[in-house]
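# 3D model of this:
(chains A and B)
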Amino acid sequence: MQSKFVPTQLLKVAGVAALVTAAFSIQHADAADKNDIIRIDGSSTVYPITEAVAEDFQKAKRIKVTVGISGTGGGFKKFCRGETDISEASRPILSKEMEACKAAGIEYIELPVAYDALTVVINPKNTFIKSFTVEELKKLWEPEAQGKIKTWKQINAAWPDTPVKLFGAGSDSGTFDYFTEAVVGKAKSSRGDFTASEDDNVLVQGVASDVAATGYFGFAYYEENSTRVKAVPIVAKAGAPAVLPSRETVMNGTYQPLSRPLFIYVSANAAKNNPNVKAFVDFYLANAKTLVEEVKYIPLPANEYAAVNEHWKTMKVGTGFGGEPEVGVKITDLLKRIK
Amino acid sequence: MTTQASVLKNLAEVRAMIRRHKRNDLIFSIIGLLALMVGLLTLLTLFVDLVSDGYQRFNLDFLSNYPSRRAASAGLLSAWVGSLLVMLVTFFSAVPMGVAAGIYLEEYAPKNWFSDLIEINVTNLAGVPSIVYGLLALSLFVYGLGLGESILTAGLTLGLLILPIVIVATRESIRGIPVAIREAAYAVGATKWQVVFHHVLHYSSGGILTGIIIGMARALGETAPIITIGALTFIAFLPPSPITDTAPFINFEWLSSGFTVLPIQMFNWLSRPDHAFHINAAATGALIIVVTLLMNGTAIWLRYRIRKNIKW
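Have a look, this model is predicted:
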């Protein structure tokens, strides 16, 4: 009369299994022995470096590592709740986050691991822009420009009276915080009427397909797409030469103010008490130069890596920044500030 | 003579009318075909595009490798195992609850304002954006119940997400059963419980299964709620095995393990600067589409088989 399939039995099995599952899981979630797993979360910009380190570390040492992408801000939220051992950041820790960590009793060791150059790009068909001064970028991106600055001529009288289309980082990203600090002078202060995306490929696509467009994103995305978009040289201040972002200009410090250090923040508690975390950071710093180059980011100069290594050995906690993404600090000076 | 002429004239009018109606038929069937083609061709274009971008990665290594910084040797192992385990939890949480709720609402619930309220709620839940389930799960499962960012949390979240689908499918197929069947069962002295379990549920199993599988296929592709509850991106080890070689041969540690799933791995690869990773993303997309189509195909096949065997 009917098929062999008996739903009644299936349902009974499923029901029992669900109950057992629920009963066991609650016990286990509490007793989660996650100490042997190194938990890392944070910036999507720093992710490729950490991924490379984690991959090699896991092969060499057989210690489990997980890496998530929550953005710099989201990463710090988890870090200051004690959910992660290491937080990746594309900007220094902000005062709000410092307070959250302090309230939870979490101390951290600030370690710069690489450089990135925020690259301002235009469409390759745009021929009238030879360089941007920081002043011009500020005019274009500051909050007061919203709804007012609509054509290139309004920024520089020498440019044509054609419309401007803007593409920029999403407001949750460290890239947004750093760009606004460097250009406008205050983190998170930007005009709102631009196309924002956390996915830099969307920004590349936007600028590549619109002759009126300009935007900014990390150097690795520019390098991969250098035929589709054109980087604009930046004039740091009046009288200074226009500098194109490149490995050399970032490492010798002439590409200012848009070159930025990338960080990992290591929980001091984990660093001191969890030998796995210590081994991981040792491995990170020992292999940073090769791996950073391999994933097409810009490594720190040798003397700065030496200084970072020294800093890690002393395990001094705290940040060298005052709770905002300060622009143009030398890493060697920065580390000296941390007492 | 005049009558014949009028009949002939009439006939001509009727023929014209039939022609007109046939033409309308044709026009409508063309419109229908075009509408069908829009849906079908979109899917086909998408699929062909993904396959032509990603075919270089179609090999066993892609399924047996962990994620890596080198696009060519990066694989999906942790992602597909994660997806499988999450689906397992989803199945065991949504199916018993959904089917039971469907049976209750159809067979047991008294027709009053409270049942109406539940009914309206269930129907509305089916239309709630998935990200909302993610936010609910974040505060309820991750922090409220302290389940953490685990496979269990993800499975329960997706279970909630497909619960309305399972409930609605269960109710629809129960409604399709002729009253005569129930009455016959009651007539030979069956209790309500026996009627429901031996007859109603049995004959509606085809429709219920279809609903379950379609719900599972949807859960497989969900990304937003999984990101919200904190799925990982790089994970190069597998959760503890559910089956062990020592007694009691089964353990539940994997439930509290961190995880990643196929759509998240795809999303991550797509947002990388290096174009080689976009090939991986395309291959993953093609894989997700194939698995989804297979699941839906199984649903159709099962429904056909079970229906064929029911003779009343």
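# first-to-last residue distance for stretch A:87-97?
12 Å (C-alpha to C-alpha, to the nearest Å).
# please verify my assumption that B:Arg171 contacts B:Tyr104.
No - taking contacts as C-beta atoms under 8 Å, B:Arg171 lies outside contact range of B:Tyr104: 9.9 Å. Yep, even glycine has a C-beta here, placed from its N, CA and C like the rest.
# these two: which has the busier surroundings?
B:Arg171 (23 against 16; other C-beta atoms under 10 Å in any protein chain shown).
# distance of that one from B:Val200?
11 Å (C-beta to C-beta, to the nearest Å).
# for B:Tyr55, same thing?
48 Å.
# and for A:Met251?
74 Å.
# who's more crowded, these two?
With neighbours defined as other C-beta under 10 Å, A:Met251 and B:Val200 compare such that B:Val200 has more, 21 against 16.
# give me every residue that touches B:Ala71.
B:269, B:274, B:276-277, B:279-280 (C-beta atoms under 8 Å, 6 or more residues apart in numbering or on different chains).
# swap in 6 Å and give it another go.
B:Ala71 is in contact with B:276-277, B:280, counting by C-beta atoms under 6 Å, 6 or more residues apart in numbering or on different chains.
# for PyMOL, write the selection for the buried entries among these.
The PyMOL selection below is limited to those of those classed as buried (16 or more other C-beta atoms under 10 Å in any protein chain shown):
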select buried, chain B and resi 277+280
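# between the contacts of B:Ala71, which is nearest A:Ala187?
B:Phe277 (30.4 Å; C-beta to C-beta).
# close enough to count as contact, that closest one and B:Trp269?
Yes - the pair B:Phe277 / B:Trp269 is scored as a contact, 4.3 Å apart, by C-beta atoms under 6 Å.
# burial count for residue 43?
I went with chain A, as the question did not name one. For A:Ser43, using other C-beta under 10 Å, the count is 28.
# I was after chain B.
B:Leu43 has 12 nearby residues by other C-beta under 10 Å.
# over to B:Thr223?
So B:Thr223, with other C-beta under 10 Å, has 17 neighbours.
# am I right that it is in contact with B:Pro263?
Yes - the pair B:Thr223 and B:Pro263 qualifies as a contact (C-beta under 6 Å) at a distance of 4.1 Å.
# any part of the helix-or-strand element of chain B with minimal mean pLDDT near chain A?
Here the helix or strand of chain B ranked lowest by mean pLDDT, DSSP states H and E is strand B:234-235, holding a mean of 84. Yes - using C-beta under 6 Å from any C-beta of the partner chain, strand B:234-235 reaches chain A at B:234-235.
# what does that strand rub up against?
Against strand B:234-235 from outside (C-beta under 6 Å, 6+ apart): A:51, A:54, A:66-67, B:67, B:78, B:260.
# then stretch B:49-62?
So stretch B:49-62 is in contact with B:75, B:279-280, B:282-283, B:285-286, going by C-beta under 6 Å, 6+ apart.
# poorly predicted segments of the chain, please.
No chain specified, so I'll use chain A. By pLDDT under 70, the low-scoring segments of chain A are A:1-35, A:339.
# switch to chain B, please.
B:1-2, B:244-247, B:249, B:312.
# do a quick rundown of the helices in it.
When assigned using DSSP state H, the helices of chain B occupy the ranges B:2-54, B:60-64, B:77-103, B:113-125, B:130-137, B:151-175, B:179-187, B:192-194, B:201-221, B:224-228, B:262-270, B:275-309.
# the nearest residue to B:Tyr186 once chain neighbours are set aside: neighbour count?
Distances taken as C-beta to C-beta, 6 or more residues apart in numbering or on different chains put B:Val195 closest to B:Tyr186, at 6.3 Å, once the chain neighbours are dropped. Counted with other C-beta under 10 Å, residues neighbouring B:Val195 total 18.
# do the same with A:Asp172
So A:Asp172, with other C-beta under 10 Å, has 15 neighbours.
# so it is in which element?
For A:Asp172, there is no host helix or strand (DSSP states H and E).
# contacting residues for it?
Going by C-beta under 6 Å, 6+ apart, the list of residues near A:Asp172 reads A:71, A:73.
# what segments of chain A are helices?
Under DSSP H, chain A gives helices at A:7-30, A:47-61, A:71-79, A:95-103, A:134-141, A:174-183, A:200-208, A:219-224, A:247-251, A:268-273, A:275-294, A:302-314, A:331-337.
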